[in-house]
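Colleague: coords please:
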Amino acid sequence: MRKSPVAEKEKPEAAAPAQTFSTEAVAALREKHVMPLPGPMYSKPLQIVRGRGQFVFDEKGRKYLDAFAGVATVSIGHCHPHWLKKIDEQMREYFHTTALYLHPSLGLFAKRLADKAKAANPDMDVCFFTNSGSEANELAAMIAKNYTGSHEFVALRHAYHGRTMMAMALTGQSSWRHSMPYPFGVSFAKANYTYRRPSGMSPKEFALLCVEDLADVIKTSTSGKIAAFFAEPINGVGGVITPEPAYFPGAYAVIKKAGGLFIADEVQTGVGRTGNDFFGIQKWGVKPDIITMAKGLGNGYPVGAVITTRKIADAIKGKSHYNTFGGSPVQMAAAGAVLDVLESEKLPENAAKVGAHLLARLKKLEQTSPYVGEARGMGLMLGVELVKDKSGKEPMPELAAKLLDMTKDRGLLIGKGGISGNVLRVKPPLCITKADADFIADALTESLAAL
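Modeller: Below is the predicted model of the structure:
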């Protein structure tokens, strides 16, 4: 078994912090005083107390390669020194203000982010900042309603858009939908889930079938005029569902015919995670009207964003909308530092290179393991779908749960998702190396072989 490599730039000591608590004590405190939460992810809970780069450490000092990155949130690495420096400098200068007062950081970073978005749509010029992806998606929906005069939306089955009421209404997975009723007016179209296409149908034929389904949903389940279509460029929580190249151009044409806006949810795919491009939607050759972001944009600091055109943004001009913490100087410093590191260390390019190598390694498991139905994804947004047999493709969630434990015992942290919980999710910080990628693939290969 290859040992987990330590980054050459910084070799963190595997020392526990001065004050430590046993995992059992921490679990008991959480159980007693914290509202019910998902997890723990493992049969024996894991306590993480420290992180450096692509590595994290438990309370006993054991090191793990973090290939889940706080659900695709840690983009430039844990506790990156430049990121910490910029946050610390701003906190010492001026910690908090709101948009009621002027501060240069808000406009400067908004321009910088909007300039990034021009690669996806040259008319992108306006940003609004929030604390999360859920809040960003709520705001995007509100803008779309005001701009189009419609309250009807179309989203995709298997989609995940957040935990607020409108975001849950847009989410196409039963396990994440509760506390009904929701805002009405959301219809769901077939996701371009290529692995589960009908037998005998080519990937392109299935993509066009999904486009036809989208058109039918608009004709039969809406008034025919919609506010917007919400879509993740690659479904994240839904199981790293990666569409065929024909899907989004066809869907875009259908949405525009129905008068709707195209909203790209880049909460997980943004910030270079899909490789080379800053946004995942750039891979599909369509021009989004609104982009929503969060997670990797702050590298763990709560930063969400909505990016759109001036014409669309002006639809809420004169209407009261405000965020106490969005756009604060420290928030802008954190997000600005992320962009600094992405550019200086060429992390989107690294995601493309290392991700291609890792995907090639994971693809080999399709041939060697009877349980791996498909390895898929782009850049460092990858998934491995587990099935009981390759002909029937019946999901195998119990194996996914077992593999999380087995890889954790080998020093690797990964996640799982999909409607059935049978897709391993591999989304490490963008700073991982080829050696790290080999360690991930080896840990999975050996764990599968050990079964």
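Colleague: can you show me the helices along the stretch 251-400 of the chain?
Modeller: 310-313, 329-344, 347-368, 397-409 (DSSP state H, counting those that start in this stretch).
Colleague: now the angle from the third one to helix 329-344?
Modeller: Put plainly, it is helix 347-368. Here helix 347-368 runs at an angle of 70 degrees relative to helix 329-344 (axes from the mean of the first three to the mean of the last three C-alpha atoms, to 10 degrees).
Colleague: how about helix 347-368: buried residues?
Modeller: Within helix 347-368, the residues scored as buried using 16 or more other C-beta atoms under 10 Å are 347-348, 350-355, 358-359, 361-362, 365. (Glycine included, C-beta is placed from N, CA and C.)
Colleague: returning to that earlier point: now tabulate the helices of the stretch 251-400 of the chain in CSV and tack on distance to Val423 and mean pLDDT.
Modeller: Formatted as CSV, the helices of the stretch 251-400 of the chain follow (distance: least, C-beta to C-beta, whole Å; pLDDT from 0 to 100):
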stretch, distance to Val423, mean pLDDT
helix 310-313, 34, 98
helix 329-344, 27, 98
helix 347-368, 12, 97
helix 397-409, 7, 97
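Colleague: those: which one's closest to Glu135?
Modeller: Between Glu135 and these, the tightest spacing by C-beta to C-beta is seen for helix 329-344, at 12.7 Å.
Colleague: buried sites along the closest one?
Modeller: 329-342.
Colleague: so how far is that helix from its chain's centroid?
Modeller: Computed by C-alpha atoms, centre = their mean, to the nearest Å, the chain-centroid distance of helix 329-344 equals 18 Å.
Colleague: return the residues in contact with Ala450.
Modeller: Met406 (C-beta atoms under 8 Å, 6 or more residues apart in numbering).
Colleague: returning to that earlier point: between the buried residues of helix 329-344, which is nearest Ile281?
Modeller: For the buried residues of helix 329-344, the nearest to Ile281 is Leu342 (17.2 Å; C-beta to C-beta).
Colleague: for Lys225, see how far away the closest residue to that closest one other than its chain neighbours is.
Modeller: In space, and not counting its chain neighbours, Leu342 is closest to Gly272: 5.7 Å by C-beta to C-beta, 6 or more residues apart in numbering. According to C-beta to C-beta, to the nearest Å, Gly272 stands 36 Å off from Lys225.
Colleague: pLDDT wise, what is the residue nearest to Tyr371 when sequence neighbours are not counted at?
Modeller: Leaving out its chain neighbours, the residue that sits closest to Tyr371 by C-beta to C-beta, 6+ apart is Leu386, at 5.3 Å. pLDDT, the model's per-residue confidence, is 98 for Leu386.
Colleague: circling back: could you export the helices of the stretch 251-400 of the chain as CSV, including distance to Arg425?
Modeller: Shown next, in CSV, are the helices of the stretch 251-400 of the chain (distance: least, C-beta to C-beta, whole Å):
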stretch, distance to Arg425
helix 310-313, 32
helix 329-344, 21
helix 347-368, 12
helix 397-409, 9
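Colleague: so which of those helices comes closest to Glu24?
Modeller: Closest among the helices of the stretch 251-400 of the chain, using C-beta to C-beta: helix 397-409, at 17.4 Å.
Colleague: quick one: average pLDDT of the helix or strand that the closest one is followed by?
Modeller: Following helix 397-409 in sequence order, the next helix or strand is strand 412-413 (DSSP states H and E). The predicted model gives strand 412-413 an average pLDDT of 98.
Colleague: can you name the next helix or strand after strand 412-413?
Modeller: Going down the chain from strand 412-413, the next helix or strand is strand 415-417, by DSSP H and E.
Colleague: how far out from the middle of the chain is that following strand?
Modeller: 12 Å.
Colleague: repeat that for stretch 119-127.
Modeller: Chain-centre distance of stretch 119-127: 21 Å, with C-alpha atoms, centre = their mean.
Colleague: ok, stretch 100-113 next?
Modeller: For stretch 100-113 - counting by C-alpha atoms, centre = their mean - the centre lies 25 Å from the chain centre.
Colleague: and if you look at stretch 264-284?
Modeller: Per C-alpha atoms, centre = their mean, the displacement of stretch 264-284 from the mean C-alpha position of its chain is 9 Å.
Colleague: and what of stretch 202-209?
Modeller: On C-alpha atoms, centre = their mean, the centre of stretch 202-209 falls 25 Å from the chain's centre.
Colleague: burial of the residue nearest to Arg410 when sequence neighbours are not counted, as a residue count?
Modeller: Leaving aside its sequence neighbours, Arg410 sits nearest to Ala443 (C-beta to C-beta, 6+ apart; 4.5 Å). Using other C-beta atoms under 10 Å, Ala443 has 24 neighbouring residues.
Colleague: residues of stretch 199-217 that come out buried?
Modeller: Those would be 203, 206-211, 213-215, 217, for stretch 199-217 by 16+ other C-beta under 10 Å.
Colleague: which ones among those residues map onto helices?
Modeller: 203, 206-211, 213-215, 217 (DSSP state H).
Colleague: which of the residues you listed sits closest to Asp125?
Modeller: Leu214 (28.6 Å).
Colleague: show me this protein divided up by domain.
Modeller: As recorded under automatic domain parsing, the domains making up the chain are 23-66+347-450, 84-344.
Colleague: test my guess that Tyr182 contacts Met168.
Modeller: Yes - if you go by C-beta atoms under 8 Å, Tyr182 and Met168 touch, sitting 6.0 Å apart.
Colleague: the two: which is more packed in?
Modeller: Neighbours were counted for Tyr182 and for Met168 using other C-beta under 10 Å; Met168 has more, 21 against 16.
Colleague: give the helix, strand or coil label for the more buried one.
Modeller: helix (DSSP: H, G, I helix; E, B strand; the rest coil).
Colleague: contacts only, for it.
Modeller: Met168 neighbours (C-beta under 8 Å, 6+ apart): 161-162, 176-179, 182.
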